[in-house]
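**Student:** how would this look folded up:
(2 chains)
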Amino acid sequence: NAGVTQTPKFQVLKTGQSMTLQCAQDMNHEYMSWYRQDPGMGLRLIHYSVGAGITDQGEVPNGYNVSRSTTEDFPLRLLSAAPSQTSVYFCASSYGQEDSPLHFGNGTRLTVT
Amino acid sequence: AQSVSQHNHHVILSEAASLELGCNYSYGGTVNLFWYVQYPGQHLQLLLKYFSGDPLVKGIKGFEAEFIKSKFSFNLRKPSVQWSDTAEYFCAVIDRGSTLGRLYFGRGTQLTVWP
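**Tutor:** Next up, the predicted model:
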């Protein structure tokens, strides 16, 4: 059982470049989300989805786009990378109820120069 | 929106010492509470959770947490830490009835245990 799979593990971008962080889960979870983790800031929610075709903004959505065409996949797109987006990104999924624990991927470390 | 305070940013202990990490949330109402742990180089994983019932909950690896509603607190404890407990610990809170998009994390507490 793979759980939550994120790719790539590491990425370096130049300012202005675009890229997509991939996230896939095989647990048939309805809820998927993207967090960024910065030192001293904890985890901040970027975007989330409660099911295929449904997405919503979290706490820090600016500069990021998402879509959810299937239950399994929830890619995060950076259209024009900025140094402020240097961070570690985690994808997480769950069954979606408020008492459902989140299952996290292994993270993507992104550096924007 | 809820906010979560973890007042200890970095805690350093020797093996066998007792541990208590503080977690407070901002306002009352019925909440669900979580502690997650992130070992070095790994992803976050659930340590324990409280939804209702006995306010003293036990989690994996000998950790426990006590929910004190009057203090808006959910402190994490372990009687005797081990070197392998070195990790970052995150408290998280969600108001009952909310979607997971309203799950809020604290800033984390880095625990370093010296052998």
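**Student:** B:Ser14 against B:Trp114, yeah?
**Tutor:** Yes. With contacts counted by C-beta atoms under 8 Å, B:Ser14 reaches B:Trp114, the gap being 5.2 Å. All C-beta spots, glycine's among them, are computed from the backbone N, C-alpha and C.
**Student:** can you list the buried residues in stretch A:7-20?
**Tutor:** A:11, A:13 (16 or more other C-beta atoms under 10 Å in any protein chain shown).
**Student:** go on, stretch A:29-48?
**Tutor:** A:29-37, A:42-48.
**Student:** same check on stretch B:78-96?
**Tutor:** Buried residues in stretch B:78-96 (16+ other C-beta under 10 Å): B:78, B:81, B:85-95.
**Student:** is stretch B:50-68 anywhere near chain A?
**Tutor:** Yes. Counting by C-beta under 8 Å from any C-beta of the partner chain, chain A has neighbours in stretch B:50-68: B:Phe51.
**Student:** what's next to that stretch, contact-wise?
**Tutor:** For stretch B:50-68, the external contacting residues (C-beta atoms under 8 Å, 6 or more residues apart in numbering or on different chains) are A:99, B:32-35, B:46-49, B:69, B:73-80, B:85.
**Student:** go again using 6 Å as the cut-off
**Tutor:** A:99, B:32-33, B:35, B:47-48, B:74-78 (C-beta atoms under 6 Å, 6 or more residues apart in numbering or on different chains).
**Student:** least confident pick among those residues?
**Tutor:** For the contacts of stretch B:50-68, the model is least confident at A:Asp99; its pLDDT is 79.
**Student:** the nearest residue to it once chain neighbours are set aside: neighbour count?
**Tutor:** Spatial nearest neighbour of A:Asp99, chain neighbours left out: B:Phe51 (5.0 Å); criterion: C-beta to C-beta, 6 or more residues apart in numbering or on different chains. When neighbours are counted by other C-beta atoms under 10 Å in any protein chain shown, B:Phe51 registers 14.
**Student:** let me know the closest of the buried residues of stretch B:78-96 to chain A.
**Tutor:** Nearest to chain A among the buried residues of stretch B:78-96, counting by C-beta to the nearest C-beta, is B:Ile94 at 5.4 Å.
**Student:** list the residues that contact that closest one.
**Tutor:** B:Ile94 touches A:98, B:32, B:102-103, counting by C-beta under 6 Å, 6+ apart.
**Student:** just give the nearest non-adjacent residue to it, would you?
**Tutor:** Closest to B:Ile94 by C-beta to C-beta, 6+ apart is B:Leu103, at 4.4 Å.
**Student:** burial measure for that neighbour, as a count.
**Tutor:** 27.
**Student:** and the gap between it and A:Pro61?
**Tutor:** 16 Å (C-beta to C-beta, to the nearest Å).
**Student:** the least confident helix or strand in chain B by mean pLDDT pairs with which strands, parallel or anti?
**Tutor:** The weakest-scoring helix or strand in chain B, judged by mean pLDDT, DSSP states H and E, is strand B:104-105 (a mean of 91). The strands beside strand B:104-105 in its sheet (DSSP bridges) come out as strand B:87-95 (antiparallel).
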